[in-house]
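[1] Sequence first, predicted model second:
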Amino acid sequence: MTSAFLRQRSPMPGFGLTMGLTITMLSLIVLLPIGALLCKGASFGAGNIWEVVNRPRTWAALFLSFRLAAFAALFNLVFGVMLAWVLVRYRFPGRRILDAAVDLPFALPTAVAGIALTTLYAPNGVFGQVFAGLGWRIAYTQWGIFLALIFVGLPFVVRTVQPVLETMDHEVEEASATLGAGRWLTIRRIILPMLLPAALTGFALSLARAVGEYGSVIFIAGNIPLKTEIAPLLIVIQLEEFNYDAAAAIGIAMLAISFTLLLAINLLQIWSRRRIGDV
Amino acid sequence: MTVAALAPVTSERPAVRFTLIAVAVVGMALLVLAPLVVVFAEALAQGWTAALDSLSNKDAQSAIRLTLTVAAIAVPMNAIFGVAAAWAITKFDFHGKAILITLIDLPFSVSPVVAGLCIVLLFGANSSVGGWLVTQGYPVVFALPGIVLATLFITFPVVARELIPLMIEQGRTEEEAALTLGASGWHTFWTVTLPNIRWALLYGVLLCNARAMGEFGAIAVVSGRIRGQTATMPITIEMLYNEYLSVAAFTLAAVLALLALVTLALKTALELRHADQIAAIGHP
């Protein structure tokens, strides 16, 4: 029965078993809980959801999360492409360590990153003191949130761009140079356009991660309503007050942002596959 | 002049190169390395004995035990799922494959807090399913099952994502040869496929373990943060930090940071020894 899904008969065994296991676990662990949120939203009603989202405090939190996540992802786009370039093209002592360090934000628990960044950038912290001397407060302001979101999103652009750079042919650069282009012109007109789909995918992944980030942000944010209160924190607050409907409404708004970004990532990948196919 | 003329056309001038390397190194030092150093510095701020004493505290012990329990349940389940999903996706052509991959990746794009919220709405005492389970004496939310479910949700794509690109690259020919020679499906899996994917699988399991032990947002929502009962290591770190017990908070944090470092060290070692296998893992 399961083989009805197959495009063609396969001599490989285990389709029923592995597919059955995959679908079962996907349904129980991921789809059923998300379905519960959507059901809650449906019974609460679109009008009520909008009423919750439209409250100044919710709106401020959603806008703050999205705006700072976008700024952090933009920073990571530029810094990440540069970092990938340095890691792939240059040979220097400590390159392996630098390469390994890129993955640290993935492996380090967010709460650990949160308390460490707060300790560093608090007004009495090692770096915070320096900035405080310049009259610039980082921790407990939006700058702190920006910093934490850069930290969690850092690996995405590097790790999507790196493989593309590694497989990129030197011949196109040589051709460009032979035809008289300067190095900067070659980078701008030849290399960066080739990296664009991968870089944008990394940007979208970094953005998706940063919009929903909670653990690393709440310590450094200060959490002042309307100013430094992120959307996930507002969900936690609503749950602590047993306002399940309001929590679900904000959750659905965030899920909508996630789905939109996921759709964008998939479209970008289709686009990049088509571009590579054209070359 | 002659030096410039001899410089390869496909590289930048040394000054530009040096600047880019310097910006990369300094940026990473400030952003990533400094937080790591501060974790250990703060943990040892009052010496080794104070740090080790804080770990023998009753709440810290219970947090470590809970986190190990959750990882011991969630990580093997995730590994089995990851292998099964990678097998189904890479060894067969079927309709809706792209949708399936997108759905598996979904938890990476969902906020951990929203993931926790979903589980609370499904299994909380107010819901029909959760209410029934509570009357049967099996509470899910604010108890171990909820924490395990949240961990499974958050780490869901990790192992599958490490295996799928590698298994696509390796193709099906070796398995097909084994099957043609009369090996059974299981025999083929154990003797052909598993040895081919073992390093990627090991890294996937380690990364999944680090993620499982370190998850915070989803656990904060589903656990109810009951000290000594449902407080995992990251939740306990938050409690201690908010109570200004800096040494205790950072010592527990240092244990998790060490775990992260071991994971990354192993990844780097595997990359050096098995570059061909890990190279397929292009994306995070």
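    Thanks, I have it.

[2] so what's the residue of the stretch 51-200 of chain B found nearest chain A up against?
    The nearest approach of the stretch 51-200 of chain B to chain A comes at residue B:111, 2.4 Å away (C-beta to the nearest C-beta). C-beta coordinates here come from the backbone N, C-alpha and C atoms, glycine included. Residue B:111 sits next to A:211-214, A:231-232, A:254, A:258, B:217 when contact means C-beta atoms under 8 Å, 6 or more residues apart in numbering or on different chains.

[3] Backbone dihedrals for it, both of them.
    Here is the backbone geometry of residue B:111 (degrees, to the nearest 10): phi -60, psi 140.

[4] what about it, distance to residue A:230?
    10 Å (C-beta to C-beta, to the nearest Å).

[5] Hmm, which of the contacts of residue B:111 is lowest in pLDDT?
    Minimum pLDDT for the contacts of residue B:111 is recorded at residue A:258 (84).

[6] Surely it touches residue A:210?
    No - counting by C-beta atoms under 8 Å, residue A:258 stays clear of residue A:210, with 11.5 Å between them.

[7] what about these two, which has more around it?
    Ranked by neighbour count (other C-beta atoms under 10 Å in any protein chain shown), residue A:258 and residue A:210 place residue A:210 first, with 29 against 19.

[8] returning to what we had before: which residues do residue B:111 and residue A:230 both contact?
    Shared contacts of residue B:111 and residue A:230, defined by C-beta under 8 Å, 6+ apart, comprise A:213-214.

[9] Now do the phi/psi pair for residue A:10.
    Per degrees, to the nearest 10, the backbone of residue A:10 is at phi -120, psi 140.

[10] which residue sits closest to it in space, ignoring its chain neighbours?
    Excluding the flanking residues, the one nearest residue A:10 by C-beta to C-beta, 6 or more residues apart in numbering or on different chains is residue B:92, at 5.4 Å.

[11] For that neighbour, give me its contacts.
    Contacts for residue B:92 (C-beta under 8 Å, 6+ apart) come out as A:6, A:10, A:12, A:15, A:19.

[12] what about residue A:55, how many residues close to it?
    Neighbours around residue A:55, by other C-beta under 10 Å: 14.

[13] Quick check: residue B:116 vs residue A:258, distance?
    Distance, residue B:116 to residue A:258, by C-beta to C-beta: 14 Å.

[14] what do you get for residue B:32?
    25 Å.

[15] Next, residue A:159: secondary structure please.
    For residue A:159, the secondary structure call by DSSP: H, G, I helix; E, B strand; the rest coil comes out as helix.

[16] wait, doesn't it sit right on residue A:198?
    No - using C-beta under 8 Å, residue A:159 makes no contact with residue A:198, being 9.6 Å away.

[17] higher neighbour count, these two?
    More crowded of residue A:159 and residue A:198, by other C-beta under 10 Å: residue A:198, with 24 against 21.

[18] Tell me which other helices or strands the helix or strand harbouring the more buried one touches.
    Using DSSP states H and E, residue A:198 sits in helix A:192-212. When contacts are defined as 3 or more C-beta pairs under 8 Å, 6 or more residues apart in numbering or on different chains; DSSP states H and E, helix A:192-212 sits against helix A:56-89, helix A:142-167, helix A:244-278, helix B:97-109, helix B:112-123.

[19] what sits against residue B:88?
    Each residue near residue B:88 by C-beta under 8 Å, 6+ apart is listed here: A:14-15, A:18-19, A:22.

[20] Separate out the buried members of those.
    In the contacts of residue B:88, burial by neighbour count holds for A:14-15, A:18-19, A:22, counting by 16 or more other C-beta atoms under 10 Å in any protein chain shown.

[21] Quick check: helices, which of the residues you listed are part of them?
    The helices, defined by DSSP state H, take in A:15, A:18-19, A:22 from those.

[22] Closest one of those to residue B:75?
    Proximity of these to residue B:75 (C-beta to C-beta) peaks at residue A:22, which lies at 17.5 Å.

[23] So for that closest one, what's the nearest residue that isn't a sequence neighbour?
    Closest to residue A:22 by C-beta to C-beta, 6+ apart is residue B:85, at 4.4 Å.

[24] surely residue B:225 meets residue B:231?
    Yes - under the criterion of C-beta under 8 Å, residue B:225 makes contact with residue B:231 at 5.7 Å.

[25] Those two - which one has more neighbours?
    Between residue B:225 and residue B:231, counted using other C-beta under 10 Å, residue B:231 has the larger neighbour count: 25 against 18.

[26] can you tell me how far that one sits from residue B:147?
    Counting by C-beta to C-beta, the gap from residue B:231 to residue B:147 is 10 Å.

[27] any residues in contact with both of these two?
    Joint contacts of residue B:231 and residue B:147 (C-beta under 8 Å, 6+ apart) are B:66, B:223.

[28] Quick one: residues contacting the residue nearest to residue A:22.
    Residues in contact with residue B:85 (C-beta under 8 Å, 6+ apart) are A:18, A:21-22, A:26, B:104, B:160, B:164.

[29] which one is the residue of the stretch 151-284 of chain B found nearest chain A nearest to, not counting chain neighbours?
    Closest residue of the stretch 151-284 of chain B to chain A, C-beta to the nearest C-beta: residue B:214 (2.7 Å). Distance criterion C-beta to C-beta, 6+ apart; nearest residue to residue B:214, sequence neighbours excluded, is residue A:109 at 2.7 Å.

[30] In the stretch 1-150 of chain A, what residue lies closest to chain B?
    Nearest residue of the stretch 1-150 of chain A to chain B: residue A:109, at 2.7 Å (C-beta to the nearest C-beta).

[31] hmm, I was thinking of the stretch 151-279 of chain A
    Relative to chain B, the nearest point of the stretch 151-279 of chain A is residue A:212 (2.4 Å; C-beta to the nearest C-beta).

[32] May I see the buried residues of stretch A:58-66?
    In stretch A:58-66, counting by 16+ other C-beta under 10 Å, buried: A:58, A:60-62, A:64-66.

[33] Not counting that stretch itself, show me its contacts.
    A:52-53, A:142, A:145, A:211-212, A:225-234, A:249-250, A:253-254, A:257.

[34] For residue 113, which residues are in contact?
    Picked chain A for this. Counting by C-beta under 8 Å, 6+ apart, residue A:113 has contacts A:105, A:148, A:151-152, A:215-216, B:35.

[35] oops, chain B please
    A:212, A:214, A:232-233, A:235-236, A:251, B:217-218, B:220-221.

[36] Can you tell me which of those residues is nearest residue B:65?
    Closest approach between those and residue B:65, by C-beta to C-beta: residue B:220, at 18.9 Å.

[37] So that closest one belongs to a strand, correct?
    No - going by three-state DSSP, the assignment for residue B:220 is helix, not a strand.

[38] burial count for it?
    26.

[39] roughly how far apart are it and residue B:113?
    8 Å.

[40] pLDDT wise, what is residue A:5 at?
    pLDDT for residue A:5: 66.
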